[in-house]
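**Student:** Predicted coordinates and the sequence they were generated for:
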Amino acid sequence: MTFVSTLEPESVWRHFDQILTIPRGSKEEAAIRQHVIELAARNGLQHAGDDAGNIVVRKPATAGREGAPVIILQSHLDMVNEKNSDVDHDFSTDPIEPKRDGDYVTAQGTTLGSDNGIGVAAMLALMGADDVAHGPLELLFTVDEETGLTGASNLDGGLLTGRRLLNLDSEEEGALYVGCAGGADSTLTLPLDMGPVPAQAAALDIALHGLKGGHSGIDIILQRGNAVQLLARMLYAVARQVPLQLGGIQGGNKHNAIPREASASVIVAEPQLPQVRNLFAAEFEAVSTEFAHAEPHMGFEATDAAVPQAFWTAEASVQALRLLIGLPHGV
């Protein structure tokens, strides 16, 4: 157990502390499902599940509330498994390591999983609570919310009898949401022509890091930087002044997480290497100044690298960068 168990209300945070030790990435919720089932049995509560993996735990009304309408409380069991590239963490086996950040609980270089672990913890605490007056409850734990809401979409309605549902997956205390925006996936295909490396070529590995990232729904209004787009913007600005070729660009791990790191491999003519370094430094200065309010820890590196056998052509490189810059990001 960690310091999290000492926070108030203790009954909720104790469960959240235990949740931090249980693997629960999207589509890998078996361990956390079993944890819920065992707690239900320990508290003498009935449970049922459906083919999608969702679970409902039923808690009878307290004395005098038997005639109240059934209320459904719902949270999702899965979390987004995201970490910084320099963090050695296996989400399938390693517990999340929490840390204090002022009045907040965060994690050591990984996602914390409070979305929606804190909702799950509140429902687990309610399972064992004997000091809360309530009508009949159906505690609904859904799966695979983060990668497409597939648990909720495939919920067997026969699991539930209640007609009123409270979803415990929001961010503001004292606020109730009656609707929300949706999301969509797009698949884009771009042919990338490969070409030989020109004579007298030099290679650089460049990386943008230290951005905050965040949830694509919750944090999108905070004007944080998208590492992939910012790196593409820097590359494109340099490519307009000095011919360069890309060997690849990487960044972002989850479709619903703002990318906080991105890297690329670049080749240029060796005589132009000092100029290219200066251009990248100038572009990073411009980007970091623009985002200083939201991304005070943004960093950039350009390191020498071995020259490979083939890279994208200069035309294909520019086309890919234009696409990345043109993709929408923001509210």
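**Tutor:** Sure, I can see it. Since this is a predicted model, take the numbers as computed values, not measurements. Residues are numbered from 1 along each chain as shown.
**Student:** what stretches of the stretch 1-150 of the chain score poorly on pLDDT?
**Tutor:** Residue ranges of the stretch 1-150 of the chain with pLDDT under 70: none are present.
**Student:** Do you know the pLDDT at A199?
**Tutor:** With respect to pLDDT, A199 scores 83.
**Student:** Contacts only, for it.
**Tutor:** Counting by C-beta atoms under 8 Å, 6 or more residues apart in numbering, A199 touches no other residue. Every C-beta, even on glycine, is put in place using the N, C-alpha and C of the backbone.
**Student:** what helix or strand is it on?
**Tutor:** Using DSSP states H and E, A199 is not contained in any helix or strand.
**Student:** just checking, what packs against whichever strand or helix holds V56?
**Tutor:** Per DSSP H and E, V56 falls inside strand 55-59. Judged by 3 or more C-beta pairs under 8 Å, 6 or more residues apart in numbering; DSSP states H and E, strand 55-59 is in contact with helix 30-42, strand 46-49, helix 114-128, strand 137-142.
**Student:** Let's see that with 7 Å instead.
**Tutor:** helix 30-42, strand 46-49, strand 137-142 (3 or more C-beta pairs under 7 Å, 6 or more residues apart in numbering; DSSP states H and E).
**Student:** So what's the residue count around the spatially closest residue to A310 that is not a sequence neighbour?
**Tutor:** In space, A310 comes closest to M194 once its chain neighbours are excluded; the distance is 4.9 Å by C-beta to C-beta, 6 or more residues apart in numbering. For M194, the tally of surrounding residues (other C-beta atoms under 10 Å) stands at 12.
**Student:** do A129 as well
**Tutor:** Neighbour number of A129 under other C-beta under 10 Å is 15.
**Student:** tell me which element the nearest residue to it once chain neighbours are set aside is part of?
**Tutor:** Using C-beta to C-beta, 6+ apart and skipping the chain neighbours, the partner closest in space to A129 is S11 (6.7 Å). Element membership for S11 (DSSP H and E) is helix 10-19.
**Student:** and that helix with helix 114-128, angle?
**Tutor:** 120 degrees (axes from the mean of the first three to the mean of the last three C-alpha atoms, to 10 degrees).
**Student:** Using the three-state scheme, assign A61.
**Tutor:** Look at A61: counting by DSSP: H, G, I helix; E, B strand; the rest coil, its state is coil.
**Student:** same thing with the one 4 residues further on?
**Tutor:** R65 falls in the coil class when you classify it by three-state DSSP.
**Student:** what's the closest non-adjacent residue to it?
**Tutor:** G135 (4.6 Å).
**Student:** ok, now P191?
**Tutor:** Nearest non-adjacent residue to P191, counting by C-beta to C-beta, 6+ apart: A316, 7.6 Å away.
**Student:** cool, and P196?
**Tutor:** Nearest-residue entry for P196: A310, 6.1 Å, with adjacent residues in sequence omitted and distances by C-beta to C-beta, 6+ apart.
**Student:** swap in L7?
**Tutor:** W13 (4.0 Å).
**Student:** tally of neighbours for that neighbour?
**Tutor:** 21.
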